[in-house]
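Peer 1: let's see this in three dimensions:
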Amino acid sequence: MHEVELTRRPIGALSNLLPPEQAARFEAAATRAGRELSGRTIWHVSSTAAGGGVAEMLHNLLGYFLDAGVGTRWLVLDADEQFFAITKHLHNAIHGLGHGDFTKKDHKHYEKVMGRNPVQDLVAAGDIVMLHDPQTAGLTEPVRAKGASVAWRSHIGRDYQTDASGHAWGFLRRYIEPADAFVFTRREYVPGWMDSEKVRLIPPSIDPLSAKNRELSVAECRDILGTVLSTGGGAPIADLPVDGRLVVQVSRWDRLKDMPGVMEGFRRAEPPLDVHLVLAGPAVAGVTDDPEGAGVFAECQAVRTALPADIRDRVHLASIPMDDIDRNALIVNALQREAAIIVQNSLAEGFGLTVTEAMWKARPVVATAVGGIKDQITSERTGVLVQHPGNRDELAGALRRLLYNDILAASLGQAAHDRVRDYYLDDRQLTQTAALFESLMPALAC
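Peer 2: Numbering: from 1, shown residues only. The predicted model follows:
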């Protein structure tokens, strides 16, 4: 395992973007956290430091905890391809995909990798450890044995359980059940066997001052997209319309994001000739914990190739470099700000931070009514929900409405921005997370 270097993020800078009462609550919570958690180290453990919403969120949120005076450290697991294949299987099964069967061999290898990441050797009695997602679940008992308190956080889930998700939670139960607290995005995601008194609901959030979300001028956006965004082979996308409109989806190359469905929905929408579609995801070699990315990207290339020529020429598969995290974030920021419409066509979604990012930028969002997306978007007020995931005609109809109604698109975008400001910025998550950590302290004193 290795430690991620954290950068302090000033509480005051974020407060300046908030309404006065909201800013005051945030600053009071930060002051309290610094006082109540003084002398303890708060550890976070995850599977990667780049290439996903969880990693990006931690970079920003933990920086605010540092500025609040809370001792905070972040560790990333070292693991092999077999481990990530097992945990990707868990990820998919929790979302109801696949057969969900796991073998003794899977458990044995999972536990072997846990043994190669002895977080407990660094943790001291009285510390608090937050373990993120299935990859870290097997560390719960070793860390608790050192006298630390453990919160296990799941950033994924589905609204109702299936045989596959039941098998996945069965795999994880032996590892996570001893935890002192369980953190979920939505109540619906909590397995029935969990102790409800240990459950906390803390939705994710974004940092409006991060490279991905800060203000960019039109000139900055055009410069970024014209020089670094590639179609997989390293060449810039040279044929994006300077005065045209973009429909954009940003996501991992993951079957749950249904990028082929976006391409087909775009085709069925019969968009005007000035409209282009960009499907953007991380360069697949840069995402170490997702072994399926390269295959999904190849499948998307094949789907694009099969499109009619007049549509294919306006569909772009953008591979975003991962060698510089801040540069990657700026590219996503520029794409979202240049978009006329942003799509999130997920078949399942734990929360959907790309939706949050798009809403913050006052862009109209068309997204499927799954998971945490339903909490963010009130259809026809802060975006448009596709009520039947996978229904390409419904997606096409939503796109067509917004492409031909600029007034509606602008109204939805502004309402979306206000919704994120009120509920989904880092001030709210810091306040809730600090309260969780404080609630675990009596257990540590026993």
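Peer 1: look up the residues forming beta bridges with residue 248.
Peer 2: Beta bridges link residue 248 to residue 278, residue 342 when assigned by DSSP bridges.
Peer 1: should've said residue 129
Peer 2: Assigned bridge partners for residue 129, using DSSP bridges, are residue 43, residue 150.
Peer 1: number of nearby residues for residue 380?
Peer 2: 12 (other CB atoms under 10 Å). Glycine gets a C-beta too; all of them are placed from N, C-alpha and C.
Peer 1: actually residue 340, not the one I typed
Peer 2: 19.
Peer 1: make sure it is indeed in a helix.
Peer 2: No: read with DSSP: H, G, I helix; E, B strand; the rest coil, residue 340 is strand and lies in no helix.
Peer 1: just give the nearest non-adjacent residue to it, would you?
Peer 2: Distances taken as CB to CB, 6 or more residues apart in numbering place residue 245 nearest to residue 340, at 3.8 Å, with adjacent residues excluded.
Peer 1: for that neighbour, which residues are in contact?
Peer 2: 274-276, 340-341, 403 (CB atoms under 8 Å, 6 or more residues apart in numbering).
Peer 1: do residue 10 as well
Peer 2: residue 67.
Peer 1: torsion angles phi and psi at it?
Peer 2: phi -70, psi 120 (degrees, to the nearest 10).
Peer 1: how near is it to residue 66?
Peer 2: 10 Å (CB to CB, to the nearest Å).
Peer 1: let me know the pLDDT of the residue nearest to residue 340.
Peer 2: Looking at residue 245, its pLDDT reads 94.
Peer 1: quick check on it: phi, psi?
Peer 2: Per degrees, to the nearest 10, the backbone of residue 245 is at phi -130, psi 150.
Peer 1: tell me where the stretch 251-400 of the chain has strands.
Peer 2: For the stretch 251-400 of the chain, strands defined by DSSP state E, counting those that start in this stretch occupy the ranges 275-282, 315-320, 339-344, 365-368, 384-386.
Peer 1: which one of those lies closest to residue 221?
Peer 2: strand 339-344 (10.0 Å; CB to CB).
Peer 1: same question for the closest one, mean pLDDT?
Peer 2: For strand 339-344, the mean pLDDT works out to 98.
Peer 1: again with stretch 176-191
Peer 2: Per-residue scores along stretch 176-191 average to 96.
Peer 1: need the residues that contact it.
Peer 2: In contact with stretch 176-191 (CB under 8 Å, 6+ apart) are residues 130-131, 137, 140-141, 144, 149-161, 169, 173, 193-194, 196, 198-204, 350-351, 371-372, 375, 436, 439-440, 443.
Peer 1: point to the helix or strand of the chain where mean pLDDT is at its lowest.
Peer 2: One helix or strand of the chain scores below all others by mean pLDDT, DSSP states H and E: helix 218-227, with a mean of 85.
Peer 1: that one - contacts with which helices or strands?
Peer 2: helix 325-338 (3 or more CB pairs under 8 Å, 6 or more residues apart in numbering; DSSP states H and E).
Peer 1: so what pLDDT did the residue nearest the centre of the chain get?
Peer 2: Nearest to the mean C-alpha position of the chain, by CA atoms, centre = their mean, lies residue 53 at 2.8 Å. With respect to pLDDT, residue 53 has a value of 81.
Peer 1: isn't it right next to residue 353, touching?
Peer 2: Yes: here residue 53 reaches residue 353: they are 4.0 Å apart, a contact under CB atoms under 8 Å.
Peer 1: which neighbours do those two have in common?
Peer 2: Common contact partners of residue 53 and residue 353 (CB under 8 Å, 6+ apart): residue 204.
Peer 1: any low-confidence regions in the chain?
Peer 2: Scanning the chain for pLDDT under 70 picks out 51, 227-242, 285-290, 442-446.
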